[in-house]
Structures are given as C-alpha cells and as structure tokens.
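Participant: Provide a 3D model corresponding to the input given below.
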Amino acid sequence: MLEPIKVSLESLNLITLAPMLIAIAGGLIILCIDLLKENLDKSLYVMLTILILVVDFGSVMGLNTNERGFFDVMLIDGISIISQLLIVAGSILFIPLGLTSKRFHEYEYPEFFALFLFMVAGFQFMVASDNLILIFVGLETASLALYTLIAMHNRSDSYEAAVKYFTMGALAAAFYAMGSAVVYALTGSVELYQVAEVLSSRLDEAGLMIAIFGGSVLLLSALAFKLSLFPFHTWAPDVYQGASAPLAGYMSVVPKIAAFVVSIRIFGMYIELGVEWVRIIILIIAVLTMTLANIMALVQEDVKRMLAYSSISHAGFVVAALALDTTEGNTSIFLYYALFMFTNLGAFTMLWISRHKQRRFDDRFDNPYEKFAGLINIMPIGAVIMALFMLSLAGVPPFSVFWGKIYVMQAAVNAGYVWLAIIMGLNSAIAAYYYLKLVVYMFLKEPVKSVDVVYYNLSKPLMAIIGLATVATVGAIFYVQPLVSYFYYMISASGY
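Facilitator: Okay, here's the model as predicted:
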C-alpha cells in the first residue's frame, strides 16, 4: 500500500502566491458586491480596484528573492519581482481613468474591474514561474479577460478587434502548447531549470538539435504574437484601433512586459546552452520588426494607428536586447518599459481628451492627423503635453524614452553588436519623422473645422493621469540611474 504524501504548509511557501491571490480575491469580491447590491456608483469599484492593486503592490514588495513555493512551480527571483511591480504599477495608472466622465460605458460595469483584476493575476502568474504549464495557464487567463475587456467597448470596431485578437491568440496558444510538448518530449520535464540540466547533457546527441529547433520555433512564434513582432504583428493596429484609447495604451505595455519575462526565461536558457541560431533568429526578427513597423507608421493617416505601429517598433527595439543574453541587456529591457509605460499610456490617453461619437474629420478614422491641426490655438497645454510625449517616443534627449534607447544601444555595443546599435540609431531617426509630423500639425497648421462644439474631456482624473505621465516623462532624467542600479542588482541576484 502506497504511503500518503505529506505536505506541510511551511514547505508550500504560500506567500509566493499572495500577490496573485489578492488580485483574484479582489475580482471575486467585486462580483459578490454587485450580486448583493446592484447599481452602485462606479467610483466605488474604481477605488476598490485601486485599493486591491495597492495591496498587491505592497505584497510584491514584501517578497524575498530567489525563493520557490507551491510544489516549486512558483519562482520568486529578481526578474519576477521587478516585472510584477511594473505590471501592477501600470494597472494602478490605468484604472483611475474609470473616474472620468461617462465617455466609455464599459467602466459602468463591475465585471470590467473584476476581469481586469483576473487579467493582472494572469500576468503575475506568467512572470512568477518557470513552469511551462503554469505560464500557459497565466497566459490564457490574462488573454481571455483581455479579449472581453476589448469587446466591452461595445462598438463594431471593438467586436472586430476582439474577434481578431481571440483568433490570433488561439493560434499563439496552440503554438505555445505544441512547443511545450516538444520540450517535454525531449526532457521529460516542464520546469525550465530541469529542462536546462537535461539538455546540457544531451546536446551532442544526433537529431536533438532538429527537435530543439522545432520546439523553439513554435515557442518563439507564440511569444512573437504576444509581443506583436514581425511577421506576427498584423493584428495589433486593428486591435488597438478597436479598443478604447487608454486600454490600447495599456495593451502596448503591460502584456508585453509579461511576454518579455517568459522570453527571457525560455530563450535565455537556449542561448546559455550554446544554441546560437536562437540568438540569430531573434536578432533577425528584431531588425525586421523595428524597421518594417517604422516604415508602416510613416504612411498612416490615423494617429492611433501610428502609435500602434510605433509600439510594434519599440517592441522590436527591445527584443534585440533579449538576444544579447547579458545582465546589462536584460536590465535595459525593464528600464525601457518602465520609462515607456508612462509616456505611451499618456500619449494614448491624450487621444481620449478629444473623443466624440461622430467622426467629424474623417469617415474611416477616429483620430486622423487633421483632428489635431491647430491644437495649440484650441488647447495650448494639451498640445504642449502631446508634443512632449511625441518627442520622448522619438528618443529626443533628455526625455524618458531616450534613456531607455541609450541603455539598449549601450548593452548592444558592450556585447559586441555595434552594427545592431547603428540599425537602432537609424530606426530612431526614421521614427522621428512621423512623431514630428503630429507636432507640425498641432503647432503649425490651422484648425480644419470650427471648434464651436465642445468635445474635450477635461475631467480631473484624466488630467491627473496625464499630468503624472508628463512628470514621469520629464523627471526621468533625475531618477534613471537609481532605477538602473535597482534593476541591475535584482537581475544579477537572479543569475541572469
């Protein structure tokens, strides 16, 4: 007769699950409150969500590095803590937009906030594990919630965007599952640290490289979908256009942080094992993504689609650092997205300021360049702030994203990839054109139509978020070095 397995609570180290459980419990509490009492003011749900996220943030801050928990499937290392802090911080920045005037009706539904918290928990599971199954569970939990959040915008474009994202996401999930199955077939494990041990002892076996190649290509394809890398980027502009402007900004940052962490764990393992063609494939994808997305952004007539292609280009820029597989390269990834988060979310949120139900300037697009013509005469502060965001995204010193680009390029040069840094510099020069095009429209063109109809959303919560993004964009110059030191220390402590 088999002996029962005895598991002590202490050995489970359940504190490693605390941040995710807080987010999940928060979502369930919101649903229960709605069941008990309907039609409560939406501000209650907004404030409750912010409170839950703040507690979540605090619980992440209290975690110890290099610990495992819950049958060793949870991994709390420096990368896990940094990425969870960025994910929760980005979520805290996004949610107060629900306090604004009733322009986006999805904020009226308690389910929106519950799904949002479930999505955050999914992203946290993705980054806090090196178990391929748990990563998959986190990925699908977050993705299913995000599909619904997009559709809740309740416009024809939103339904189309949600269906496109769902279809592409299902394909990515299939690629990931097949890639993980190949890894399991080769090694008998789904724990990446065990996978690395088995592969390191078998690399000289005939035929193994072919199997590794197949599995890694499947996994790379799945994560390229999530990171909107070439050639799996085509969904992004349509999905961003169909989603609400702030949610599009959120999607351009937070899900990508989670996908980058998974990529660091998986492909960093392959590169460290000496599988050099994984590095070569990632570098090729990085160069093609940043270049082709920039070229596509040049010909866009809609500012929101331009920002979507811009986000794809930035992802290509950062994925080049992934191929370096150095501590400095991984540090630059987190620094880039920590700075990019405020600027890009601020830029997308600025589109919300001038939102209106009827398309007054163009039959196809909500945010054509003409809509922003002469904005300096209509709304001077708004024009200056938007110009600030554009200059930062273009990499103009000394604004925030400039420092992110410099550190990525520095990491490339220090790793011996001078040609890669040159390509990055050339792409930044190309990108400057379409960012400055919007600045020219705002400052040097006359308004296309009369502005006697007031359609500007100037609520205090919206102004507060944009103000915070502006302060972060300008003030980054004073805090970049401490941020770099913290990220470098945490990643070094993780052994990356």
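
Participant: Where does pLDDT dip in the stretch 251-400 of the chain?
Facilitator: 354-366 (pLDDT under 70).

Participant: Dihedrals phi and psi, Val396?
Facilitator: Val396 adopts backbone torsions of phi -80, psi 130, taken as degrees, to the nearest 10.

Participant: Quick check: nearest residue in space to it, chain neighbours excluded?
Facilitator: Distances taken as C-beta to C-beta, 6 or more residues apart in numbering place Phe402 nearest to Val396, at 6.2 Å, with adjacent residues excluded. Yep, even glycine has a C-beta here, placed from its N, CA and C like the rest.

Participant: Quick check: buried residues in the host helix or strand of that neighbour?
Facilitator: Element membership for Phe402, per DSSP states H and E: helix 400-414. Taking 16 or more other C-beta atoms under 10 Å as the neighbour-count basis, helix 400-414 is seen to contain the buried residues 400-409, 411-412.

Participant: for the helix or strand following that helix, packing partners?
Facilitator: Note on helix 400-414: by DSSP H and E, the next helix or strand toward the C-terminus is helix 418-444. Contacting helix 418-444 under the criterion 3 or more C-beta pairs under 8 Å, 6 or more residues apart in numbering; DSSP states H and E are the following elements: helix 276-298, helix 303-324, helix 375-378, helix 380-393, helix 400-414.

Participant: between the first one and helix 303-324, what angle do the directions make?
Facilitator: Orientation of helix 276-298 against helix 303-324 (axes from the mean of the first three to the mean of the last three C-alpha atoms, to 10 degrees) gives an angle of 160 degrees.

Participant: export helix 276-298 as PDB, just CAs?
Facilitator: Written as PDB, here are the backbone C-alpha positions of helix 276-298 (Å, rounded to 0.1, in the frame of the first residue of the first chain):
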ATOM      1  CA  GLU A 276      23.400  30.100 -31.200                       C
ATOM      2  CA  TRP A 277      20.800  30.100 -34.000                       C
ATOM      3  CA  VAL A 278      18.100  31.000 -31.500                       C
ATOM      4  CA  ARG A 279      20.100  34.300 -31.000                       C
ATOM      5  CA  ILE A 280      20.400  34.800 -34.700                       C
ATOM      6  CA  ILE A 281      16.600  34.300 -35.300                       C
ATOM      7  CA  ILE A 282      15.800  36.800 -32.500                       C
ATOM      8  CA  LEU A 283      18.200  39.400 -34.000                       C
ATOM      9  CA  ILE A 284      16.700  39.000 -37.500                       C
ATOM     10  CA  ILE A 285      13.100  39.300 -36.100                       C
ATOM     11  CA  ALA A 286      14.200  42.400 -34.000                       C
ATOM     12  CA  VAL A 287      15.700  44.200 -37.000                       C
ATOM     13  CA  LEU A 288      12.800  43.400 -39.300                       C
ATOM     14  CA  THR A 289      10.200  44.400 -36.700                       C
ATOM     15  CA  MET A 290      11.600  47.800 -35.800                       C
ATOM     16  CA  THR A 291      12.300  48.700 -39.500                       C
ATOM     17  CA  LEU A 292       9.100  47.500 -41.200                       C
ATOM     18  CA  ALA A 293       6.900  48.900 -38.400                       C
ATOM     19  CA  ASN A 294       8.600  52.300 -38.700                       C
ATOM     20  CA  ILE A 295       8.000  52.200 -42.500                       C
ATOM     21  CA  MET A 296       4.300  51.300 -42.000                       C
ATOM     22  CA  ALA A 297       4.000  54.100 -39.400                       C
ATOM     23  CA  LEU A 298       5.200  56.700 -41.900                       C
END
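
Participant: List the residues that contact Gly27.
Facilitator: 113-118, 121 (C-beta atoms under 8 Å, 6 or more residues apart in numbering).

Participant: So which of those residues sit within helices?
Facilitator: Counting by DSSP state H, these place 113-118, 121 in helices.

Participant: Out of those, which two are the most distant from each other?
Facilitator: Phe113 and Ala121 (12.9 Å; C-beta to C-beta).
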